[in-house]
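Engineer: Give me the fold of what follows.
(chains A and B)
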Amino acid sequence: MRIVARTASWCLGLAGLLAAAVTVSAALGPVRVPPVEVTKVLLNALAVPVGAEVETRSMPGPLFVPAIELRYVSPFAYPVADLHRQIVVAIRLPRILLAAVVGFALAAAGTVMQGFFRNPMADPSIIGVSSGAAVGAVAFIVAPAMLPGWLHWLGLQGMAFLGALAAAFGVYAIATRNGRTPVATLLLAGVAVQTFLGAVVSYLQLQAEESLRQVVGWLMGHLAGASWAEVRVTLVVVPVLFAVLLVYARDLNVLLLGEEEARGLGIAVERTKRILLGVSALITAAGVAVTGVIGFVGLIVPHMLRLVVGPDHRILLPTAALAGGSFLVIADTVARLGSAEIPVGVVTAAVGAPFFLFLLRKREVHEL
Amino acid sequence: MADDEAEAGTDTSATGSTVDADDARPYLEATDVTVSIGGTTVLEGVDLAVETGSFLGVVGPNGAGKTTLLRTLRGSLAPDRGRVRVDDEDLTTRSARAVARRVASVPQDTTLSFDFSVEQVVGMGRTPHRSRFSTADADDREAVTDAMATTDTARFADRSVGTLSGGERQRVLVARALAQETPVLLLDEPTGSLDVNHTVETLELVRDLVEAGKTVVAAIHDLNVAARYCDELLLLADGRVRSVGTPETVLSEPALRDAFDARTVVTEQPGSTAPLVTALPDHDPDAASRRVHVVGTGQRAATAVGVLVAAGHEVSVGVVPAGDAAAERAREIGADPVTVPPFAGVSDDAAAAATDRAAAADVTVVVGSPFTDNRRVATALPGSRRVVIDASGIEGREATLEGLGDAIELIGAGKKSGAGDADEADGVERTDGMEEGKADQANRTNDR
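Structural biologist: As a prediction, this is how the structure comes out:
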């Protein structure tokens, strides 16, 4: 019972922080919008489903699969300036929400990977997801002519997503023998595959010529130009996958004791590992496919939260995810506020690495 | 010969089982279990059977396969051949969750480097009883509270396991296994990281659990601890069962020499009938054999006699009442006892015979305070050539049963270097010179 109350209060607090970060971020930019005005715009933008009705008007025959249509109501209608509404809703909000969702996803996946590998240096890209996404994306940018036609249909994000999943599955397949996947083998296979894919990306970059700038921009991580379509996809995919991870939080705790102990306590270890790996790969891929490689969120945010709330994944996982969202929103706000926009991956690494070193020296991050 | 031993042991246990078994089958049973790890056969054709509410100790040298056997019994390793049954169900066909509701285990390696609280770790024992979506219910909380109370870990329920001492961690892991509420409990070296006090505490606790109906199998490296607490022992060496049965049948000197490649003396533990195994240092063939006279009675004297004979010394004993453990022991292993009938008192003849033997010996060993008539025997040699074990009122080099061999060596070395012995305190007439006396004095000082 204690754990439920603790988790709830921490999550409420961090959700409040995230809401505040989103609001302040939306207020900042070349055109200043007062935070109160932003809040009003955000509330106006909310649409709450209040009911559903079966669409029956246009039935051609008596047998049909009913289509269900949700009825929405916007509960708030504050008067706001149209310019402010445009800036916040059309320009800033998609980017900010994308940052929040991707930060959320990366921190969640990082938490799971660190627990899963029982290794403090594990992050979401450990099983090759990021490098796979990079190969897919860079190949699409550099050499579209060399790709078969059906891959063009996928687009940049689709290619990155496909590359991410292919790399993760490849690492898993390499490390699996006789239906068992030793974690140490998985880790080494991940490192080797990452190195190999890094070589592929470097080679592709040499061929890039005029598209080199775009390649580098993608590789460093970017949130600029986010569209509502991208945000909607990740907003649906990420919470569903996150819910699966959350269901396995207690199993993750037990896995920290070691696989054999976990089995002794009744965990179906190989199946649990497959699910955790698969879902983490998916949730990471959903993020990096849209934004490119954003480092350090998935590494340091879980560590920070572990210091604060402890190692119990039932509280660590949701709090780290919420904090990851806030972290990336703030980092991206810094990235876009300068005179020239810098890739958000540069900001997270520039802020994250020194902070990580500080934690390493100051307190105990040596352990999970 | 070893095979004969093993078979004899197995037979005993088989008859033992049929006598007290009402059920058709033992609760935990392994038949013909063969396990190989990385191509090496670690266990070969292991059979074992444990009744409900009984405690089987698995003993054997390092690398015998004790841990592998326990891992197989908990379902962590699938045997290449043979099967493990719990309550008549084959373990390998059951899910991890189903197994975890029947078998709990306490691992040997108790390193827990992360920051979970003791209560959280114990709570993890409830994993096989809880559904994925539920929070802890009243049963879970009660099981955790009970487990912590039983193991006396409730005091540090909120502390991080990383801050506990080895013994405390061990108890936390026992608590976790108890919270699992399984009929079978497996312990791998439960006393490996514990001091004497906690060893006794832990095993008394396990014993209580056995009395309450738990079926326990433990790998225990300390033979004497195993003998004292287990109902039956299984002696494992090179992956094979050498013998199974009561501690008395399993812990025989030949079987132990065969399994451990070590020389031992088996006597009885004080205050119990459980066998007491004393390992002897390897006999140094260069070490001279000495004549040693032992004064003392009972188990400890008997052990001393065994140790001395096994170390290659020529041993005489006396005066002892006939039928005393020391007399029996001496007769068994070919030492020379001077006996008197029980309760008859020491006759002058016997006292004279014993004194002659003592005077002719190189060293006298006095175990316990000698009764009046034996004092003369004990002091036939000067104090500097006397080793005393728990004897008050007698001068001499103090030693323990384990250190007996070394003490004899030291006295022998002093003698060999030409040192005679002067001991004014004893007032025994000496013919040796003063220099030797000094050398001996120095020797004794060093020893303290």
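Engineer: Show me where the stretch 251-368 of chain A has its helices.
Structural biologist: Counting by DSSP state H, counting those that start in this stretch, the stretch 251-368 of chain A has these helices, from start to end: A:259-264, A:269-291, A:297-309, A:313-337, A:344-362.
Engineer: So which of those is nearest residue A:196?
Structural biologist: Distance to residue A:196, taken as C-beta to C-beta, is lowest for helix A:269-291 among the helices of the stretch 251-368 of chain A, at 17.5 Å. Every residue, glycine included, has its C-beta placed from N, CA and C.
Engineer: in that closest one, what's buried?
Structural biologist: A:269, A:272-273, A:275-291 (16 or more other C-beta atoms under 10 Å in any protein chain shown).
Engineer: restrict those residues to contacts with chain B.
Structural biologist: Near chain B, judged by C-beta under 8 Å from any C-beta of the partner chain, the entries from the buried residues of helix A:269-291 are residue A:269.
Engineer: still on that earlier bit, out of the helices of the stretch 251-368 of chain A, which comes closest to residue B:297?
Structural biologist: Of the helices of the stretch 251-368 of chain A, nearest to residue B:297 by C-beta to C-beta is helix A:259-264, at 49.8 Å.
Engineer: other SSEs contacting that closest one?
Structural biologist: helix A:249-255, helix A:269-291, helix B:96-100, strand B:103-106 (3 or more C-beta pairs under 8 Å, 6 or more residues apart in numbering or on different chains; DSSP states H and E).
Engineer: how about 10 Å then?
Structural biologist: Judged by 3 or more C-beta pairs under 10 Å, 6 or more residues apart in numbering or on different chains; DSSP states H and E, the packing partners of helix A:259-264 are helix A:249-255, helix A:269-291, helix B:96-100, strand B:103-106, helix B:166-179.
Engineer: Export those as JSON lines, with columns for mean pLDDT and distance to residue A:131.
Structural biologist: Below are the helices and strands packed on helix A:259-264 laid out as JSON lines (pLDDT from 0 to 100; distance: least, C-beta to C-beta, whole Å):
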{"stretch": "helix A:249-255", "mean pLDDT": "91", "distance to residue A:131": "25"}
{"stretch": "helix A:269-291", "mean pLDDT": "90", "distance to residue A:131": "10"}
{"stretch": "helix B:96-100", "mean pLDDT": "90", "distance to residue A:131": "34"}
{"stretch": "strand B:103-106", "mean pLDDT": "92", "distance to residue A:131": "40"}
{"stretch": "helix B:166-179", "mean pLDDT": "88", "distance to residue A:131": "40"}
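Engineer: Can you add distance to residue A:70 and give those back as TSV?
Structural biologist: What follows is those, written out as TSV (distance: least, C-beta to C-beta, whole Å):
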stretch	distance to residue A:70
helix A:249-255	31
helix A:269-291	24
helix B:96-100	40
strand B:103-106	50
helix B:166-179	46
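Engineer: can you tell which of the ones you listed is closest to residue A:135?
Structural biologist: Nearest to residue A:135, of the helices and strands packed on helix A:259-264 and by C-beta to C-beta, is helix A:269-291 at 11.7 Å.
Engineer: Can you tell me which residues in the stretch 251-368 of chain A are near chain B?
Structural biologist: A:251, A:253-254, A:256-272, A:306-307, A:310-312, A:314, A:364, A:366-368 (C-beta under 10 Å from any C-beta of the partner chain).
Engineer: Got a quick PyMOL command for the buried subset of those residues?
Structural biologist: PyMOL command restricting these to the buried ones, with burial defined by 16+ other C-beta under 10 Å:
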select buried, chain A and resi 251+253+254+256+257+258+259+261+262+263+264+265+266+267+269+272+306+310+311+312+314+368
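Engineer: related to what we said a few turns ago, weakest of the helices of the stretch 251-368 of chain A in terms of mean pLDDT?
Structural biologist: Of all the helices of the stretch 251-368 of chain A, the minimum mean pLDDT falls on helix A:344-362 (a mean of 82).
Engineer: Please name the nearest non-neighbouring residue to residue B:139.
Structural biologist: Take residue B:139 and drop its neighbours on the chain: the residue closest to it by C-beta to C-beta, 6 or more residues apart in numbering or on different chains is residue B:129, 7.3 Å away.
Engineer: if I pick the one you found, what's in contact with it?
Structural biologist: A:266, B:97, B:100, B:101, B:136, B:137, B:139, B:140, B:143, B:179, B:180, B:181 (C-beta atoms under 10 Å, 6 or more residues apart in numbering or on different chains).
Engineer: Now do residue 366, the pLDDT please.
Structural biologist: Using chain A. 50.
Engineer: that's the wrong chain, I wanted chain B
Structural biologist: At residue B:366, pLDDT is 86.
Engineer: Next one: it from residue B:355, what distance?
Structural biologist: 14 Å (C-beta to C-beta, to the nearest Å).
Engineer: same question, residue B:72
Structural biologist: 60 Å.
Engineer: of these two, who's got more company?
Structural biologist: residue B:72 (24 against 20; other C-beta atoms under 10 Å in any protein chain shown).
Engineer: Touching, that one and residue B:58? I think so.
Structural biologist: No. Residue B:72 lies out of contact with residue B:58 (C-beta atoms under 10 Å); the separation is 11.4 Å.
Engineer: what do those two both touch?
Structural biologist: Common contacts of residue B:72 and residue B:58 (C-beta under 10 Å, 6+ apart): B:46, B:65.
Engineer: on that earlier part again, any shared contact partners between residue B:366 and residue B:355?
Structural biologist: B:293, B:374, B:377, B:378, B:379.
Engineer: Which one, of the helices and strands packed on helix A:259-264, ends up nearest to residue B:197?
Structural biologist: helix B:166-179 (8.8 Å).
Engineer: do the closest one and chain A meet?
Structural biologist: Yes. On the criterion C-beta under 10 Å from any C-beta, helix B:166-179 is in touch with chain A at B:173, B:176, B:177, B:179.
Engineer: quick check, nearest of these to residue A:169?
Structural biologist: Among these, and counting by C-beta to C-beta, the member closest to residue A:169 is residue B:176, at 35.7 Å.
Engineer: Assumed residue B:49 was part of a strand.
Structural biologist: Yes. Per DSSP: H, G, I helix; E, B strand; the rest coil, residue B:49 lies within a strand segment.
Engineer: how many neighbours does it have?
Structural biologist: Residue B:49, neighbours per other C-beta under 10 Å, totals 21.
Engineer: Quick check: it touching residue B:73?
Structural biologist: No. At 11.7 Å, residue B:49 does not count as touching residue B:73 under the criterion of C-beta under 10 Å.
Engineer: shared neighbours, these two?
Structural biologist: B:28, B:29, B:30.
Engineer: Just these: which are in strands?
Structural biologist: Taking DSSP state E, the ones among the shared contacts of residue B:49 and residue B:73 that sit in strands are B:28, B:29, B:30.
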